[in-house]
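Peer 1: can't give you the sequence, but here's the structure:
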């Protein structure tokens, strides 16, 4: 024990080991890597003392050089000082690992206070616990540093009537009656701007990633680099790999999701809406739960939710200015979805160290179905999620404190809140799953034809370069250049041959595309054909029976025959149409009149559209040029097939508009095809995905996918191959989707 | 048809056709009319606005059987289209009339949604097949309709009678509760709402009228006293 001035001296009759004070210091110094680590140890003490506010001052430049660390934690009593603080090696953290605020104590070795020595030669400590007076003491570490001086001879000076400055006490709301203030003087080391940078990042680990919360705030003041002045904010927000912000009110949830890139670039995300029913269906996908049993409104009242997902992989972390180790420390401390009421944490929700912390059962659901991100039922791990649920006493009076224990009463409002948060988590999971599957398809190889084209370009550049060099160097040294040129032209010839083969293959692909398109169209329009056939049969038989009856009504018989003729023409037209699509010369590049091609297709399609009352308006310019007729038809037919299905999904007059006109793009001659419809349009979130193979938004009322998901991917492959362009937007006139493509045209 | 005459009473034996395509519906109607007995009637309709409108349509027209198309939203009225398909109507009618005969006639009998309702309908018939094998199908329609009417004609007759009284506003309390009981049996959950609405409307109307009458007499009184002065 220290020798305490003003305190009773230790009296003992037994012989003791004696210990050099210097040994103690070197023990401490050895276990503390550098001065930022030392300071961090002291901040950890504040955290462990359940402080909510810590002030750090580091002054190095002015005459007064000092470090001050003050917190509004639980402080220490005289007994604490005597039995704990002055007992080197004692660690309350070993005896009781969880603090009153349910924080997991951070330090263990009980050497945190020796850290002060690492920072400066003298330490002034002032502390006040809730029901005691302020205690102040001073330790001069240099007096330890004398060879042969026993630990018992070290003096600790107690201040008479010390005063303490507890952080945050200027604000009446946060006034705390306890705290600890450390002032370290005679600093051992100068603090550079870089040191502060390291400190800043390490301190950020302690801070909640949610700006709104007041869990553990750290304020830094320094004269070294003004950019570090102020409240320590988290840097881990931008390290998230996906982030969801949601707001629930009334019968819907408005939410937005940002990708890692969008978070980093601070881009705003597109807001989307989902009905409460729709969201709850995701949480309770069980078929036996009827849709009508799901609520339209939630009893918990308006709620704001933020959930961040961390991949816990070092990939891409460096560009966000972080490393995996600090991220892991951050996640160990913050993982979980916490509830904040009026920005104050509600225990124990989201605390990984409390048995009731995982209130959403995130770990359990992941263990039950540990599906990876590639699967549709993908679940995130509890250790990858940091989230906050914001509620308020006034806003959410239905969420009531439990009187029996900490937390909220597990009533209907609480269960609705649970469902809401799980629903939001599900939205984020679906997003991640879709994003990953999209990345997979985006990674596909570029078309072989494109590769050959770029190779050819590179070769001709190489050839030009070589020829220039050849001219510049004297005759005798030209041989290697000539050889190289010969090699290049050989490679070029080989490439030409390859291109021919690829061309053949492409022509084959063209036929497949054309056939697939007819197949899709046949499936969609097939019902119409069947209707027509039954129409012919019905009308013919009925007409005959009228004529065979006792008093035949000739007008009725005639009317039936007129119908029969109309239906028969429809059937015949469809047969002719399918046959005409695959004619041989349509597969070749040749001069065609685009207008004729389009009008031909429209001529066949129009009656099918009219049969279900779709008005097909066209505005087709006279365009001529060299292109592949089969591709144009495939694009057009796929667009029209989609429009046909889309129109039927809305209860309003059915309209489709088809336009084509000449248009230059990047100085290249070409033409545009636009197809717009009066259907429901394409949701923004699907706009990027609709071109993917097997992705389809065609659903029936029960949500079953009814499209093949091939049509638009065929269109995309045509556009890629012909170097065209594509866009999708919503049509202001018809209120549905508007597909626009541009294709080049050689004169 | 002796039996049908015997049970007929106030009822017409009626077959109802529901199809959105005017052409197809008319052909089917014309065709059926050529093959059914004289005391039978065929009525037809475009899809009604909501599935909830059918129980009324069925009772008001004494429909004893329906022939239903599956795709009811291909043609509409003035740019408005049915929000339901044939199989959804089947689901709804089954809830109200568990034993009511329903035949589906469609150009696309392999529709998966229809096949799922195989147990809920009497038959799913290919439209082309129907015309070819009409002589086989029509007697089955007639038998199914007759069976339904025979089983329920007493109640249906009473229902029709009561409905008329209630509509005219001169039904007694007992009659109203009889009506409810029969409706309960048929699961006609939507008719009572309409009846109650109408009742409350009439009673409000009556209140207003008697208010006006009071006002009238008071004005007359006032004028008389003024004159006498």
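Peer 2: Thanks, I have it. Predicted model, so just to flag it, every value in this text is computed and none were measured.
Peer 1: going forward, measure contacts and count neighbours with C-alpha atoms only.
Peer 2: OK.
Peer 1: next, count neighbours for the residue of the stretch 601-747 of chain A found nearest chain B.
Peer 2: Per CA to the nearest CA, residue A:653 is where the stretch 601-747 of chain A lies closest to chain B, at 4.1 Å. Residue A:653 has 19 neighbouring residues, counting by other CA atoms under 10 Å in any protein chain shown.
Peer 1: so how far is residue A:556 from it?
Peer 2: 31 Å (CA to CA, to the nearest Å).
Peer 1: thought the residue of the stretch 601-747 of chain A closest to chain B was touching residue B:77?
Peer 2: No. Judged on CA atoms under 8 Å, residue A:653 makes no contact with residue B:77 at a distance of 9.5 Å.
Peer 1: count of neighbours near the residue lying closest to the residue of the stretch 601-747 of chain A closest to chain B once chain neighbours are set aside?
Peer 2: Spatial nearest neighbour of residue A:653, excluding adjacent residues (CA to CA, 6 or more residues apart in numbering or on different chains): residue B:79 at 4.1 Å. Other residues within reach of residue B:79, judged by other CA under 10 Å, total 12.
Peer 1: OK, contacts around the closest residue to chain A within chain B?
Peer 2: Using CA to the nearest CA, the single residue of chain B nearest to chain A is residue B:79, 4.1 Å away. Residue B:79 is in contact with A:651, A:652, A:653, A:654, counting by CA atoms under 8 Å, 6 or more residues apart in numbering or on different chains.
Peer 1: rerun at 10 Å
Peer 2: A:613, A:614, A:651, A:652, A:653, A:654 (CA atoms under 10 Å, 6 or more residues apart in numbering or on different chains).
Peer 1: same check, this time on residue B:134
Peer 2: So residue B:134 contacts B:31, B:32, B:35, B:128, B:140 (CA under 10 Å, 6+ apart).
Peer 1: just the element for the last one, please.
Peer 2: When elements are defined using DSSP states H and E, residue B:140 is found to belong to helix B:134-168.
Peer 1: look at the residue of the stretch 401-550 of chain A found nearest chain B and report its pLDDT.
Peer 2: Residue nearest to chain B within the stretch 401-550 of chain A (CA to the nearest CA): residue A:534, separated by 4.5 Å. Looking at residue A:534, its pLDDT reads 91.
Peer 1: do the same with residue A:340
Peer 2: You'll see residue A:340 listed with a pLDDT of 86.
Peer 1: domain map for chain B?
Peer 2: B:2-152, B:165-228 (automatic domain parsing).
Peer 1: ok now the longest one, how far from the chain's centre?
Peer 2: Average the C-alpha atoms of domain B:2-152, do the same for its chain, and the two points are 11 Å apart (CA atoms, centre = their mean, to the nearest Å).
Peer 1: show me what the mean pLDDT comes to for it.
Peer 2: 87.
Peer 1: check the last one too.
Peer 2: Per-residue pLDDT over domain B:165-228 has a mean of 76.
Peer 1: what parts of chain B come near chain A?
Peer 2: Residues of chain B found near chain A (CA under 10 Å from any CA of the partner chain) are B:20-21, B:23-24, B:26-32, B:34-35, B:71, B:73-84, B:106-108, B:126-132.
Peer 1: just the residues you listed: which are in strands?
Peer 2: Residues of those located in strands (DSSP state E): B:106, B:126.
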